[in-house]
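*Asks:* I'll drop the sequence and a predicted model, then ask my questions.
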Amino acid sequence: MNIEFSAKEDAGWRYWVDTGGEGVLGPAGMQRICSLGAKEQFVLVLDGIRLGQPEEMHVFGSDTDPEQALTINSILAMEDVDLRTPSVTVHRMGSRDQLLSALKQVVQDRSNVIVVSQSPADRENDLYRSLYAAASSKRMYVDLNAIEHNLATFRKYIPEHTKLMFMAKSNAYNLGAPVITRFLSDKGVHYFGVACVEEAVELRKCGITLPIMVIEPDQYDLDIIAGYDLEPVVHSTDAIRQLLTSPVQDITVQLHLKLNTGMNRLGVNHDEIATAVKLIHSDPRFRIKSLFSNPAAADNPEQDELTNTQFSRFDQGMTEVQSLTGYPVSAHILNTSATLRFPEKAMNMVRIGIGICGMASGTHELQQAVSVSTYVSLVRKVKKGETVGYGGTVRVDADCEIAVIPVGYEDGFPRMLSHGVGEVVVKGKKAPVVGWVCMDMCMIDVTGLEVKKGDEVFVVNDVITIMDLAERLGTIPNEVLTNFSRRVKKIYKYSY
């Protein structure tokens, strides 16, 4: 079964579910459809699909099953549908034109939509075109199969008993935290980590029930932390003292104590461990769930002396914490690169971040899960000696063809890529940027490529990767990925 899902921050989410030619949606398929919608209401559109027998399907959307009740708001179908529940409105369409018209109205109303079809996502399919009629000219394709592969790769490196935490901060590295965390929850990830309470609350509201570690809780609002069952990090004795002053009572909060082993950013120093543990144990509301630290340069073999020093300091700190607590405390120090290079230090848990997206130094085992594309909005012939773009600083030295694409620095394609530093991919060929990158667009040289208006242009894909782009910009893939703006809408694809 293939899934394509387009999420828009300012509109309803959209899935395209391909049944692989199957014409009947049975109980297992319906269960999967309902899980895609999580706890939100949606309109189910059946394109040449019929439901299983009513006696098989009556539970879905019924008032007798709180988990499925009301998730399906209404059904649009060409055939009669008997779901045996008054909570779901069924609209039987007399013709495909009526179905298409109804879908257009649903999309216009910005409702959540799941279309189930025997056909794959296809630009020639009129329902597909209607489903994405309001989609952006700039899209980020997120390959969930690649994410699943990357997760399996990290699992190969760690012992079976070791848990895996995905760091879902910054909207899951800009891939869309609600979608990615729901997907990874189904794939067996044990924990999520976020930067702040707001990110954690968003995950809880979209149905995530796994433990969530909050790195920087911001004033430690215990009403919210306890109310959403969050696990804050404490990284200084001052932070612990602040926690103790909270008037909120009758709660139990699990804490993650961070140890500074040499990065010198956050974390208690070794000589503060005893004080930190004593302070936490002075208040029955709090309990230490784990001790953790962060390797500063595990991706760089030239810094292995520093990394091994950090491991040694962490082992010493863990021994002391364990002796002071009197109860089991988990330990984790490995991040993405450290997991790949030092799996023997996996301990109780590892924390994987951008590696899930397929980016990590020194390995070819991971698959890039992201590509970003736009389209050619205009092609013009430019004569030798003419200028291109702002400033008049670029004069072409021969007759050429210049294409304009609606991607600029506001979209996450930095101005530093001007004047040929940056390239894009059109028709499988690299095309250099000409002149300055503008806020909302840029110009590329497509001479000899026979490019026309509407052709798809990839900003990043398997030809120009996120890692390639980061190298050209003198930065890291994390920054490249998180810089793509809200105007770049996400489409999720999955085959299973």
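*Replies:* Noted; the coordinates are in hand.
*Asks:* what about Lys169, distance to Ser137?
*Replies:* Taking C-beta to C-beta, to the nearest Å as the measure, Lys169 falls 28 Å from Ser137. Bear in mind the C-beta positions are built from the backbone N, C-alpha and C, glycine included.
*Asks:* more neighbours, the two?
*Replies:* The residue with more neighbours, out of Lys169 and Ser137, is Lys169; 20 against 15, by other C-beta atoms under 10 Å.
*Asks:* how near is that one to Asp455?
*Replies:* Spatial separation of Lys169 from Asp455 under the definition C-beta to C-beta is 36 Å.
*Asks:* ok, for Asn73, nearest residue in space, not its chain neighbours?
*Replies:* Distances taken as C-beta to C-beta, 6 or more residues apart in numbering place Gln41 nearest to Asn73, at 4.2 Å, with adjacent residues excluded.
*Asks:* Now do the same contact list for the one you found.
*Replies:* The neighbours of Gln41, taking C-beta atoms under 8 Å, 6 or more residues apart in numbering as the test, are Leu70, Thr71, Ile72, Asn73, Asn112.
*Asks:* Then the fourth one would be within a strand, right?
*Replies:* Yep, that's Asn73 we're talking about. Yes - for Asn73, which was evaluated using DSSP: H, G, I helix; E, B strand; the rest coil, the result is membership in a strand.
*Asks:* Can you give me the pLDDT of it?
*Replies:* On the pLDDT scale, Asn73 is placed at 83.
*Asks:* how about it, what does it touch?
*Replies:* Asn73 makes contact with Gln41, Phe42, Val43, Val88, Thr89, Ser111 under the criterion C-beta under 8 Å, 6+ apart.
*Asks:* in the sheet, who's paired with Val382?
*Replies:* Cys400 (DSSP bridges).
*Asks:* quick one: it and Tyr390, what's the gap?
*Replies:* As defined by C-beta to C-beta, Val382 lies at a distance of 15 Å from Tyr390.
*Asks:* more neighbours, the two?
*Replies:* Val382 (19 against 12).
*Asks:* mind listing what that one touches?
*Replies:* With contacts defined as C-beta under 8 Å, 6+ apart, the neighbours of Val382 are Val388, Val396, Asp399, Cys400, Glu401, Ile402.
*Asks:* ok, 6 Å please
*Replies:* The neighbourhood of Val382, defined by C-beta atoms under 6 Å, 6 or more residues apart in numbering, consists of Val396, Cys400, Ile402.
*Asks:* swap in Lys384?
*Replies:* Lys384 sits next to Ala398, Asp399 when contact means C-beta under 6 Å, 6+ apart.
*Asks:* can you rerun that using 7 Å?
*Replies:* By C-beta atoms under 7 Å, 6 or more residues apart in numbering, the contact set of Lys384 is Val396, Asp397, Ala398, Asp399.
*Asks:* can you pick the most crowded of the residues you listed?
*Replies:* The member of the contacts of Lys384 surrounded by the most neighbours (other C-beta under 10 Å) is Val396, with 18 neighbours in all.
*Asks:* now it: how far from Val379?
*Replies:* Here the criterion is C-beta to C-beta. By it, Val396 lies 15 Å from Val379.
*Asks:* Extract the residue ranges of the stretch 201-350 of the chain that are flagged as low pLDDT.
*Replies:* Within the stretch 201-350 of the chain, the ranges that satisfy pLDDT under 70 run 219.
*Asks:* residue boundaries of the helices in it?
*Replies:* 222-227, 237-244, 273-281, 304-325, 336-341 (DSSP state H, counting those that start in this stretch).
*Asks:* Which among those helices is found nearest to Thr252?
*Replies:* helix 222-227 (7.9 Å; C-beta to C-beta).
*Asks:* Which parts of the stretch 351-496 of the chain are strands?
*Replies:* Per DSSP state E, counting those that start in this stretch, the stretch 351-496 of the chain carries strands over the ranges 370-375, 378-382, 400-405, 423-426, 429-434, 442-445, 456-460, 489-495.
*Asks:* So which bits of the second one are buried?
*Replies:* Just to be clear, that refers to strand 378-382. Val379, Val382 (16 or more other C-beta atoms under 10 Å).
*Asks:* now could you export just the CA positions of that strand as CSV?
*Replies:* Once non-C-alpha atoms are left out, strand 378-382 reads as follows in CSV (Å, rounded to 0.1, in the frame of the first residue of the first chain):
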residue,chain,number,x,y,z
LEU,A,378,9.4,31.3,-16.9
VAL,A,379,12.2,30.7,-19.6
ARG,A,380,13.7,33.6,-21.5
LYS,A,381,16.4,34.0,-24.0
VAL,A,382,19.1,36.5,-23.0
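*Asks:* For Gly422, which non-adjacent residue is closest in space?
*Replies:* Val433 (4.4 Å).
*Asks:* picking that back up, please type out the ChimeraX selection for whichever of the contacts of Gln41 turn out to be buried.
*Replies:* To isolate the buried subset of the contacts of Gln41 in ChimeraX, counting by 16+ other C-beta under 10 Å, use the following:
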select :71,72,73,112
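*Asks:* Now distance to Thr307 too, for the contacts of Gln41, in JSON lines please.
*Replies:* Output for the contacts of Gln41, formatted as JSON lines (distance: C-beta to C-beta, whole Å):
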{"residue": "Leu70", "distance to Thr307": "51"}
{"residue": "Thr71", "distance to Thr307": "47"}
{"residue": "Ile72", "distance to Thr307": "51"}
{"residue": "Asn73", "distance to Thr307": "53"}
{"residue": "Asn112", "distance to Thr307": "46"}
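*Asks:* Between the contacts of Gln41, which sits nearest Cys442?
*Replies:* Each of those was checked against Cys442 using C-beta to C-beta; the closest is Asn112, at 34.0 Å.
*Asks:* so which of the helices of the stretch 201-350 of the chain is the most packed in?
*Replies:* Ranked by average neighbour count under the criterion mean count of other C-beta atoms under 10 Å, those are headed by helix 336-341 at a mean of 23.
*Asks:* which residues sit against that helix?
*Replies:* With C-beta under 7 Å, 6+ apart as the contact definition, helix 336-341 has outside contacts at 154, 157-158, 295, 298-299, 350, 352-355, 360-361, 363.
*Asks:* Can you flag the buried ones in the residues you listed?
*Replies:* Of all these considered here, the ones buried according to neighbour count by 16+ other C-beta under 10 Å are 154, 157-158, 295, 298-299, 350, 352-355, 360-361.
*Asks:* My read is that Ile466 contacts Ala360, right?
*Replies:* No - taking C-beta atoms under 7 Å as the contact criterion, Ile466 and Ala360 are not neighbours in contact, 11.3 Å apart.
*Asks:* quick revisit: got a pLDDT number for the residue nearest to Asn73?
*Replies:* Predicted confidence (pLDDT) at Gln41: the value is 80.
*Asks:* Equivalent analysis for Tyr496, please.
*Replies:* According to the model's per-residue confidence, Tyr496 sits at a pLDDT of 54.
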